[in-house]
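> I would like the atomic coordinates for the input below:
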Amino acid sequence: MISELANHLWQSTVFALAVGLLTLMCRKNHASVRYWLWFTASVKFFVPFTLLIALGDRLEWTSKAPQLAMPAVSATLAQVSRPFVGNPAVGFLPVQEAARGSDWRAVAVFGVWAAGIIAMTVIRFRTWGRIRAAVRASSPWTMASLPAGVAVRSTPGVMEPCVIGVWRPMLLVPSGIEDDLTPRQLVAVLTHEVCHVRRRDNLTAGIHMLAEAAFWFYPVVWWIGSRLVDERERACDEEVVRAFGEPQTYAEGIVNVCRRYVESPLACASGVSGANVKNRIREIMTNRAAANLSVTKKTVLACVGAIAIVAPTFAQSVPRPSSGGALRFEVASIKRNTGDAQKAFVLQRILPGGGFEGFNVTLGSVIRLAYGLQDFQMVGEPKWVNADRFDIQMRGPQGASESEAPRRLQSLLAERFGLKAHLEKRDHPIYALVLARADRSLGPRLRRSQIDAKTIQEQDARMRRESPATFKPLECGLAAGRRLGDCGGTIAVLASRFPMYVGRIVVDRTGLTGNYQYDLRFGDNPIPGAGPGGGFPFPTQPPDPDAPSLFTALEEQLGLKLVPQTGPVEVLVIDRVEPPKPN
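Residues are numbered from 1 along each chain as shown. Got it, this is the predicted structure:
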C-alpha cells in the first residue's frame, strides 16, 4: 500500500513538473491555456498510470503494435514509474504472508490518511456553511448591464462579490456595493465574476478541492492549487480588459473591493480578489496583449498529451526483454488435474528436444521454472496459482534445444494464462558465501581444477557423436541427493546450488577466481518450494542423522561458510494472470 501510494505520488509529481515546463513555454499566451495545463496536473492525481497500463493489457489491439509495445520501452517505463518498492523486510514473501506481517503498518497509514480527509471535509463544510448562511440572508438584485440568465443576489455583510454553486451558479454581491464603487468600476468587477460563470471555474475548483482533500499531506497538490487560482484570475482579468477596455478603471475597482470587503472563504466560490493582487494590478495596467497559440505550440501540446495517455496504455507489463523473437511450442496441452492433489505423484521437467511435461503441477511452479526463480522470488500471484493443479504436455519444434524451453514456457504462459509481470530489484535477506578461515586456506574437498565446464561440455559433445550407444555424460555440476560435486566449476556456480537448501539467494563473496573441484556431503533435504520451479518432483530421502548440516559441511569440507546479510534480489511481480484458455 505504502509503495503503491509513493509510486503514484512520484508519477504525479513528474507529470506536474512536465506541466510546469509547458506553462513556461506558454507564458506569453493566454492565461486560460496555462490554467487548463495545471488542471490536467490536478486530474492526474485521480488517474494512476497503472490504470492506463492495465487498460493496455486488456486491449488486444495493443499486442498487435510491436513497434510501440517494445519490451525495452515497457521495462523502462515500469522502472521509471515505480521507483519505490515495498518494505524490504517483507517484500519477497508471498503476498498472503507479507500482508499479515505489515497489517499494522497499513492500518496506521490508512488511519492517519482517513483522519486527514475527515478533518479537511469538516473544514470545507464549515466554510460552506458560512456561504449558505449568506445566501439565506440574501435578496434578489438586478443590474441592467449583466447578461440574462445570471442570477444575482445581494447579501448583508462584508464578503466580496463571488460566484457560488456549480451546476446553477449564482452571483452573490454585498449590500451597498454600488455605493462603494463607481458605476464603471462595478460593471468591470461584475464582468469578472460573469467570466467565472462562463468558464465553469467553480466546477474545476471543486474537482481540485477533492484532490486536496484526498492528498492533504502532499505539498505539490497545494502548489498546483495556488497556480490554478493565479491563472484563473488572470484569465478573467484578460477577458475583462479585452471586453471592457478600461484597465485603469478595472484596476481601481479591484483595489476598492480589496479595501472594503473580505475575500471569499471557499476556493470554489470564485471571487475577484484572488491570487497575487499586486501582480494582477501590474499586468492589468501593462495591458499586454496575449498571443494565441502557434501551430508549433499546439503540436507540442498535442504530442505531449498523446504520449501521456498512449505510452502507459501501450507499455504493457513484460516479464523480461528477450534478444530474439517469441518462441513457441509446436504442440501444447493443458488440462486441469482433478485427482487428489495431495496424494498424487508430481512430475515437472524439461524434455530433450525443448519439450516440457508437468503432471499434477501448479501454475506457480511452472512460472518459477520458466524464469529460473526460487519460490520467494515471485510475489503478487492470486491464491489459485499455487493451489490449482494442472497436467501440461508440450512438444518443441523439430531441432529445438533444451535451452530454449524456458523462453517457450514464457510465451505459452503469456498466451494461455494471460500472464503479465515485471521484474524488480528488492532488498532481501541473503547469504554471502565467504572463506571460513582467516589464513584463507581451503578445505580438504575443495581444490583447484585444471579443466573447466566448457571443456567438459566439449568432451561430452565429442563422445556423444563418436559413441552414441555407449555415451554416458560426466556427472559434474549435478545435485544428487545431498551430495554436490563438480569436475571443474567456479565458486559462483557452487553458490547458485544452495538456495534450494537454505531458502535464500547465495552470493559468492569468497574472492576466489578460476575453476574448482569439490565434493560436498551433507544431510539437509531441499526445502519444499525453494528450488527452481518451486518444488521437487521426487520425494527426498530421510535425513541421515550422522551427516553434518550444510552449514557445518561447508566449513569442514570446503573451508567456506554462509554469512547472513541483506542485499538486492530480483523478484518477479505478477501483475495479471488468468485461468488457462481451453485447448
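> Can you tell me how far the nearest residue to Trp222 once chain neighbours are set aside is from Arg153?
With sequence-adjacent residues excluded and distances taken as C-beta to C-beta, 6 or more residues apart in numbering, Trp222 is closest to Glu212, at 6.6 Å. For the C-beta atoms, the positions are set from N, CA and C on the backbone; glycine is no exception. For Glu212, the distance to Arg153 equals 28 Å [C-beta to C-beta, to the nearest Å].
> which SSE is the residue sitting furthest away from the middle of the chain in?
Centroid-distance maximum for the chain: Asp179 at 58.3 Å, with C-alpha atoms, centre = their mean. Using DSSP states H and E, Asp179 maps to helix 177-180.
> Check the offset of the helix or strand where the residue nearest to Trp222 lies from the chain's centre.
Secondary structure assignment for Glu212, by DSSP H and E: helix 201-214. Between the centre of helix 201-214 and the centre of its chain there are 25 Å (C-alpha atoms, centre = their mean, to the nearest Å).
> List of residues touching that helix?
For helix 201-214, contacts defined as C-beta atoms under 8 Å, 6 or more residues apart in numbering pick out 39, 42-43, 45-46, 117, 120-121, 124, 163-166, 169, 196, 221-222, 224-225, 228, 232, 267-270.
> how about it: buried residues?
Under the neighbour-count criterion of 16 or more other C-beta atoms under 10 Å, helix 201-214 has Asp201, Asn202, Thr204, Ala205, Ile207, His208, Met209, Ala211, Glu212, Ala213, Ala214 buried.
> tell me the mean pLDDT for that helix?
Averaging pLDDT along helix 201-214 yields 90.
> Please apply the same query to stretch 133-148.
Confidence over stretch 133-148 (mean pLDDT, whole number) is 78.
> How is this structure divided into domains?
As assigned by automatic domain parsing, the chain contains the domains 1-101+291-316, 113-287, 331-576.
> could you point out which element follows the helix or strand of the chain with the lowest mean pLDDT?
The least trusted helix or strand in the chain, going by mean pLDDT, DSSP states H and E, turns out to be helix 95-101, with a mean of 38. Counting by DSSP H and E, the next helix or strand C-terminal to helix 95-101 is helix 103-136.
> helix or strand right after that next one?
Per DSSP H and E, the helix or strand that comes after helix 103-136 is strand 139-140.
> Which neighbouring elements make contact with that next one?
The helices and strands touching strand 139-140, judged by 3 or more C-beta pairs under 8 Å, 6 or more residues apart in numbering; DSSP states H and E, are strand 151-155.
> for the strand it packs on, packing partners?
Packing contacts for strand 151-155, counted by 3+ C-beta pairs under 8 Å, 6+ apart, involve helix 103-136, strand 139-140, strand 170-174.
> Flag every buried residue along the longest one.
Right, helix 103-136. Using 16+ other C-beta under 10 Å as the test for burial, helix 103-136 gives Trp113, Met120, Arg124, Thr127, Ile131, Ala134.
> And the closest residue to the last one other than its chain neighbours, how far from Ala31?
Read that as Ala134. Nearest residue to Ala134 in three dimensions, chain neighbours excluded: Thr155, at 4.5 Å (C-beta to C-beta, 6+ apart). Taking C-beta to C-beta as the measure, Thr155 falls 29 Å from Ala31.
> Pick out whichever of these two has more residues nearby.
Taking neighbours as other C-beta atoms under 10 Å, Thr155 and Ala31 compare with Ala31 leading, 22 against 18.
> Please name the strands paired to the helix or strand Arg349 falls within in the sheet, noting orientation.
Using DSSP H and E, Arg349 sits in strand 347-351. According to DSSP bridges, strand 347-351 forms sheet pairs with strand 355-362 (antiparallel).
> one step back: relative to Ser365, which of the helices and strands packed on strand 151-155 is closest?
Across the helices and strands packed on strand 151-155, Ser365 has its closest neighbour in helix 103-136 (27.9 Å, C-beta to C-beta).
> Can you list the helices and strands that that closest one packs against?
Contact here means 3+ C-beta pairs under 8 Å, 6+ apart; on that basis helix 103-136 packs against helix 2-25, strand 151-155, strand 170-174, helix 201-214.
> Can you check what angle separates that helix from helix 2-25?
Angle, helix 103-136 to helix 2-25, by axes from the mean of the first three to the mean of the last three C-alpha atoms, to 10 degrees: 50 degrees.
> residues making contact with stretch 181-196?
By C-beta under 8 Å, 6+ apart, the list of residues contacting stretch 181-196 reads 143, 145-147, 150, 161-163, 169, 171, 173, 177-178, 202, 232, 235-237, 239-240, 243-244, 246, 249-250, 252-254, 256-257, 270-272.
> tell me which residues in it are buried?
181, 185-196.
> Equivalent analysis for stretch 254-264, please.
Ile254, Asn256, Val257, Tyr261, Ser264.
> What pairs with the helix or strand where Ile430 lies, parallel or antiparallel?
Assigned by DSSP H and E, Ile430 belongs to strand 420-435. Strand 420-435 has its sheet partners listed here by DSSP bridges as strand 506-508 (parallel), strand 560-576 (antiparallel).
> CSV please, covering those strands and showing mean neighbour count, mean pLDDT and distance to Gly353.
Below are the strands paired with strand 420-435 laid out as CSV (neighbours: other C-beta atoms under 10 Å; pLDDT from 0 to 100; distance: least, C-beta to C-beta, whole Å):
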stretch, mean neighbour count, mean pLDDT, distance to Gly353
strand 506-508, 18, 91, 32
strand 560-576, 18, 90, 27
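> ok so, going back, model confidence over the strand holding Arg349, on average?
83.
> just stretch 234-252 next, same as before
Per-residue scores along stretch 234-252 average to 87.
> So what touches it?
Contacts of stretch 234-252 (C-beta under 8 Å, 6+ apart): 30-32, 35, 182, 184-185, 187-189, 191-192, 195-196, 199, 275, 280-281, 283-285, 287, 290.
> 6 Å instead, please
31-32, 35, 184-185, 188, 191-192, 195, 280-281, 284-285, 287, 290 (C-beta atoms under 6 Å, 6 or more residues apart in numbering).
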